[in-house]
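Visitor: after the sequence you'll find the predicted model.
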Amino acid sequence: MDYKKLIAEKVKEIVSMDLEILERLIEIPPKPEMGDFALPCFQFAKIMRKAPNMIAEELSKNIKIEGVEKVENLGPYLNFFVDKGTYSKSAIENILSENEKYGSSALGEGKNVTVEFSSPNIAKPFHVGHLFSTAIGNSLYRIFDFEGYNCIRINHLGDWGTQFGKLICAYKKWVNEEDLEKEPIKELLRIYVKFHEEAEKDPSLEDEGREYFKKLEDGEKEEVELWTKFRNLSLKEFKKVYDELGVEFDSYKGESFYSDKMDAIIEEMNKKGLLVESNGAKVVMLDEYNMPPCIIQKADGASIYATRDIAAAEYRKKTYDFYKSIYVVGAEQKLHFKQFFKTLELAGHEWAKSCVHVAFGTVKFADRKLSTRKGEVIFLEDLLNKAVLKAKEVIDEKNPNLENKDEVAKKVGIGSIIFTYLKNSREKDIVFNWSEMLSFDGETGPYVQYTYARAKSILRKFEEASSEIDYSKLNSEEEFELVKKLQGFNEAILNAIDKLEPFIVTRYVIDVAKAFNKFYNSCNIINTEDIGLKNARMMLVKASSIVIKNALNLLGINTVEKM
Ligand code: ARG
């Protein structure tokens, strides 16, 4: 039974408003004494020419809905109290029958959404910021996909630019082929760092680097071969990380793919009268919008990051005809995105307003600063390995006889990292803290995974309900609160889509886990004597496990059956 719809339909008989708008106005109040559903009446004031309080009072007297025990008004709010048995029955049965599809919809049918995320730079380490992007992007992809959107996952690799000239130069002078085979990114990073050190003493190296980049741009065989080698080696390393995380992409078209599309962009900008000369460079002036100019071509003729982004945006529009184009990139690039979106708009592209920068904060480890230039980086593989190792220690201590401990440790360890990334609003900075992340009883990944495993363990002790299930007996506060929480899944997902914030789903699943544990602690499930009630409780456990699994899945986190 869809209460929101039922309520909206009844209200619509009195207030002339769109059914969908009404439905979305209906909230699930934070406290049980405020009812099970609430409808704020502020928006009706204009239409009905009355104060919201009066409207709420009037509506409370005139609305009768089957399955709703009473309708009260509290100031400008209408509060609906449902018949608990009917409500629980319909909510739980719905979850059980939809199972892994519970929470999904066809909301996005026929709409294409491109999600660009991760986008590491080749020949450089995949760092914790890229992992942040990967976690958010993968989750947004899963969420949009679940709601019926057609999503295209794009990895906009940083595989072009003058730095590759420097790298070719460094390679020719200092590479150790053996190390390159063993640990490609570490070796490429080593020679890249060396290049910068040496260039400080001998600036002519910079010119040499520039020449190599020119050769690469001109498609000279040797340079192209080296660049291809760097790219393949890097991609192989990146894919190891994606495999660990269970992340996939539909396209790996990075910056290099657009290198031959620059002239067309420069011509387009020129034709539209947007280009201005500035110290030999070609720029689009944005001072009217309080921004520095967007540089399209450098004085030496080289194209740059922004131009490649403009080309990529046009390519994506042409190829995928997106309804929305998402870029999951750190907040430090906010200005870049504003500038290039504005430039697209000035070039007359209506669709520029469908492009969104989904920004996120920085990542810290207690007091270590992260920088690539000096080579002080946390290698991602080390980070993931450490999480798995630490998870194993915790499991060894808590459940030494567990079967397939390694597999569980992997899911718990990696899950704890993803969970940490997605726990708060994405623009907040995060600090990794191992003992906190891996704790079984904070607001953590392991806590939620453990709750799931607990539900599954209860279900394993249970023989399928053959006799009657009496949902009307699920009337303790803990039981009913849990049922209501489970019912709020779709609302959480829609909010996450609106705000492009996976953390809304994370918070939701934490709340479900908490409500489940309260229920578990207050109701003796296995030893309930009343069979009708016991079966109803079992169904509630089953429904909870489905919702937790589906929600974790949207975050890109695996569940384990035993823990
Ligand atoms: N490769 C870039 C970096 O590591 C991120 C790319 C962001 N995406 C974009 N379309 N500009 O900083």
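Guide: Great, that's in hand.

Visitor: mind telling me which residue of the stretch 201-350 of the chain is nearest the ligand?
Guide: Closest contact between the stretch 201-350 of the chain and the ligand, by C-beta to the nearest ligand atom, is at Val329 (4.2 Å). Backbone N, C-alpha and C define where each C-beta goes, glycine included.

Visitor: got it, and the stretch 51-200 of the chain?
Guide: Proximity of the stretch 51-200 of the chain to the ligand (C-beta to the nearest ligand atom) peaks at Gly158, 3.2 Å away.

Visitor: show the contacting residues for that residue.
Guide: Ser119, Pro120, Asn121, Ile122, Lys124, Gly254, Glu255 (C-beta atoms under 8 Å, 6 or more residues apart in numbering).

Visitor: try 10 Å this time
Guide: 119-124, 130, 234, 254-256, 305, 308 (C-beta atoms under 10 Å, 6 or more residues apart in numbering).

Visitor: any idea how far the residue nearest to Ser467 when sequence neighbours are not counted is from the ligand?
Guide: In space, Ser467 comes closest to Ile531 once its chain neighbours are excluded; the distance is 5.5 Å by C-beta to C-beta, 6 or more residues apart in numbering. From Ile531 over to the ligand the distance is 58 Å, taken as C-beta to the nearest ligand atom, to the nearest Å.

Visitor: got it, and Thr559?
Guide: Computed with C-beta to the nearest ligand atom, the distance linking Thr559 and the ligand is 31 Å.

Visitor: re earlier: okay, the residue of the stretch 51-200 of the chain closest to the ligand: pLDDT?
Guide: For Gly158, the model assigns a pLDDT of 95.

Visitor: how about the helices in the stretch 51-200 of the chain?
Guide: For the stretch 51-200 of the chain, helices defined by DSSP state H, counting those that start in this stretch occupy the ranges 52-62, 84-98, 128-146, 163-174, 177-182, 184-201.

Visitor: and the longest one, which residues are buried?
Guide: When you say that, I think you mean helix 128-146. 128-146 (16 or more other C-beta atoms under 10 Å).

Visitor: what of the fifth one?
Guide: Of the residues in helix 177-182, those buried by neighbour count under the rule 16+ other C-beta under 10 Å are Leu180.

Visitor: what does stretch 281-294 give?
Guide: Ala281, Lys282, Val283, Val284, Leu286, Pro293, Cys294.

Visitor: likewise for stretch 69-83?
Guide: Val71, Asn73, Pro76, Tyr77, Leu78, Asn79, Phe80, Phe81, Val82.

Visitor: just the ones in strands from those, please.
Guide: Among the buried residues of stretch 69-83, the members found in strands (DSSP state E) are Val71, Asn73, Tyr77, Leu78, Asn79, Phe80, Phe81, Val82.

Visitor: the fourth one: what's it in contact with?
Guide: When the contact criterion is C-beta under 10 Å, 6+ apart, the partners of Leu78 are 7, 11, 26, 35, 37-41, 52, 55-60, 63, 71-72.

Visitor: pull up the residues of this protein that are close to the ligand.
Guide: Neighbours of the ligand within the chain, by C-beta under 6 Å from any ligand atom: Glu116, Ser119, Pro120, Asn121, His156, Gly158, Asp309, Tyr327, Val329.

Visitor: residues in contact with the third one?
Guide: It refers to Pro120. By C-beta under 10 Å, 6+ apart, the residues touching Pro120 are 126-127, 129-131, 133-134, 155-159, 185, 234-235, 237-238, 241, 254, 380.

Visitor: check the first one too.
Guide: Remark: with contacts taken as C-beta under 10 Å, 6+ apart, Glu116 is in contact with 133, 137, 152-156, 249, 251, 309, 312-313, 316, 325-329, 355, 358.

Visitor: tell me which residue of the stretch 401-550 of the chain lies closest to the ligand.
Guide: Arg426 (15.1 Å).
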